[in-house]
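Participant: I need the structure of the sequence given here:
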Amino acid sequence: MLKKNDFSKLNLGNDPILDITKIMKILPHKPPFLMVDKIIDLTENSIIGVKNVTINESFFVGHFPNEPIMPGVLQVEAIAQVGGILILNKLNNPELYSTYFLKIDKVKFKKKIIPGDIIIFQVYLLESLKRGIVRMQGEGYVSDKLVVEAEVIAKIVKNHDNF
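Facilitator: Residues are numbered from 1 along each chain as shown. Okay, the predicted model is just below:
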């Protein structure tokens with residue numbers, strides 16, 4: 001795992017650990033709500049995911065159309081999706097499970113994310129709690145600058161089960 005915010009060793013052109021096809025087999029999310037394009041690093045307790053932000057994103061049509069920016073809630077959703085891959089990847093048959101927000105905390109937006117940006121998300125498992133509940137810290141970077149951070153608590157649930 002890279003040190004925090006040390007992206008100089010990353011080559012975004014290398015083959016990903018998980019490409020979009022593999023990601024869609026793990027996460028229940030599908031376009032246009034899938035907020036991660038590839039996973040480029042994955043360890044037991046951390047993950048790095050990439051989102052290429054294009055003007056073709058459906059949310060740009062109505063979210064400040066004269067000055068398009070990625071909505072903050074979708075930035076936090078992207079952190080959660082990358083974290084979901086980290087957690088679900090540990091399970092046998094991850095496609096049978098989903099992760100659901102229980103709490104979002106310590107969210108900070110540092111800079112606008114605009115079309116053309118490549119966001120690198122680093123998510124760390126902070127704590128595995130009881131009954132499938134996990135606490136994670138996520139950060140998003142554009143050009144080595146921190147643009148968003150959040151702590152999320154999520155619950156892993158077998159699909160079609162209730163909380």
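
Participant: Please make it C-alpha for all contacts and neighbour counts, starting now.
Facilitator: Noted.

Participant: Show the contacting residues for residue 98.
Facilitator: Contact analysis of residue 98 by C-alpha atoms under 8 Å, 6 or more residues apart in numbering lists 27-28, 84, 88, 156-159.

Participant: how does it look with 10 Å?
Facilitator: 26-29, 84-85, 87-88, 154-161 (C-alpha atoms under 10 Å, 6 or more residues apart in numbering).

Participant: That one in helix, strand or coil?
Facilitator: Recorded secondary structure, residue 98: strand (DSSP: H, G, I helix; E, B strand; the rest coil).

Participant: again with residue 114
Facilitator: Quick answer, by three-state DSSP: residue 114 is coil.

Participant: In strands, which of the contacts of residue 98 fall?
Facilitator: Mapping the contacts of residue 98 onto strands (DSSP state E) picks out 154-158.

Participant: Mind picking the lowest-pLDDT entry from the contacts of residue 98?
Facilitator: Within the contacts of residue 98, residue 161 has the lowest pLDDT, namely 63.

Participant: Nearest to residue 114, out of the contacts of residue 98: which one, please.
Facilitator: Distance ranking of the contacts of residue 98 against residue 114, using C-alpha to C-alpha, places residue 29 first at 22.1 Å.

Participant: burial measure for that closest one, as a count.
Facilitator: Residues near residue 29, counting by other C-alpha atoms under 10 Å, number 15.

Participant: Touching, it and residue 85? I think so.
Facilitator: No: using C-alpha atoms under 10 Å, residue 29 makes no contact with residue 85, being 11.1 Å away.

Participant: overlap in contacts of these two?
Facilitator: 23, 36, 98.

Participant: Closest to residue 137 out of these?
Facilitator: residue 36 (16.5 Å).

Participant: A helix includes that closest one, no?
Facilitator: No: judged by three-state DSSP, residue 36 forms no part of a helix; its state is coil.

Participant: So it versus residue 127, what's the distance?
Facilitator: Per C-alpha to C-alpha, to the nearest Å, residue 36 is found 23 Å from residue 127.

Participant: More neighbours: which of these two?
Facilitator: residue 36 (27 against 13).

Participant: So the more buried one versus residue 20, what's the distance?
Facilitator: 8 Å.

Participant: quick one on the thing from earlier: now that we have the ones in strands among the contacts of residue 98, which one has the most neighbours?
Facilitator: residue 154 (24 neighbours).
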